[in-house]
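Novice: Provided below are the primary sequence and the corresponding predicted coordinates.
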Amino acid sequence: MKSIALILLAASVVALVGWRLASPKPSLESSLSASSRPARIPPSTTNTDGAEVFQRAFWKRPAANDSILNAERREWKDADGVTRWQWFIAVKPSPELVKHLITDNAFHLAPATTVPDIEEPPAWFAPEKSSSRILRAPGSGMTLLFDEASSLLLATDSGGGFRQGAPEPAKPVAQNTAVTSRLPNSPPPKP
């Protein structure tokens, strides 16, 4: 009886192993490409108000002679607030803006030789790589492309949202500081 049970168990194991080996497996390439490309989640809000995008991008208001051609700011939000943001802007800059961004280098940008891969730019954001001066922030994604011949400034940046601040520290327990002697405030117990 034991030998029959043992034979059935061995046959079941062999059948299971054969079934696993014969079943089709997804290729490593298809599983990597599917896992490396997250599904595109549309932004929660998209703002195309040129003056507002300009102000949030360059931390200053546009001057009267700054001509904003196109602007777009995208934000992805959840219950805790903004989780991700991205902006694009095309400007015919005033000489003051060129001085502020490029000559004075307000954002500490460094010269670059290539335009980075930009995630899903708007259709109007198509930089001419050959005739543009490229400046990039070393520690972030801010990129400026300035074509002096056409006086066109394209800029973009993106970030990971805003983190909540640290919790308030616990308030210290108030101690009685009125006692100025070494003796206790109450008399000793009576035996």
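Specialist: Nice, thanks for sending it over.

Novice: got a list of what I68 touches?
Specialist: By C-beta atoms under 8 Å, 6 or more residues apart in numbering, the contact list for I68 reads 50-51, 53-54, 62, 89-91. C-beta: built from backbone N, CA, C; applies to glycine.

Novice: Just the buried residues of the residues you listed.
Specialist: Among those, those buried by neighbour count (16 or more other C-beta atoms under 10 Å) are 50, 53-54, 62, 89-91.

Novice: ok, these vs A79, which is closest?
Specialist: A79 lies nearest to V53 out of the buried ones among the contacts of I68, by C-beta to C-beta, at 25.1 Å.

Novice: Leaving aside the residues adjacent along the chain, what's closest to the closest one?
Specialist: Once flanking residues are discounted, V53 sits nearest to A71: 3.7 Å by C-beta to C-beta, 6 or more residues apart in numbering.

Novice: what's the spacing between the one helix or strand the one you found maps to and its chain's center?
Specialist: Take DSSP states H and E as the rule and A71 turns out to sit in strand 67-78. Centroid separation for strand 67-78 versus its chain: 15 Å, with C-alpha atoms, centre = their mean, to the nearest Å.

Novice: buried ones in that strand?
Specialist: 68, 70-76.

Novice: what about the helices in this structure?
Specialist: Applying DSSP state H to the chain gives helices spanning 2-22, 28-36, 50-58, 95-98.

Novice: rank the ones you listed by pLDDT, which is bottom?
Specialist: Among those, helix 28-36 carries the lowest mean pLDDT, at a mean of 43.

Novice: For H100, see how far away the residue nearest to V53 is.
Specialist: In this view, A71 and H100 are 17 Å apart by C-beta to C-beta, to the nearest Å.

Novice: do the same with I118
Specialist: From I118 across to H100, the span is 23 Å (C-beta to C-beta).

Novice: again with N70
Specialist: N70 is 20 Å from H100, by C-beta to C-beta.

Novice: D66 too?
Specialist: D66 is 10 Å from H100, by C-beta to C-beta.

Novice: go on, G141?
Specialist: Going from G141 to H100 by C-beta to C-beta gives 20 Å.

Novice: who's more crowded, these two?
Specialist: H100 (18 against 15; other C-beta atoms under 10 Å).

Novice: so what's the more buried one up against?
Specialist: H100 neighbours (C-beta under 8 Å, 6+ apart): 58, 60, 106.
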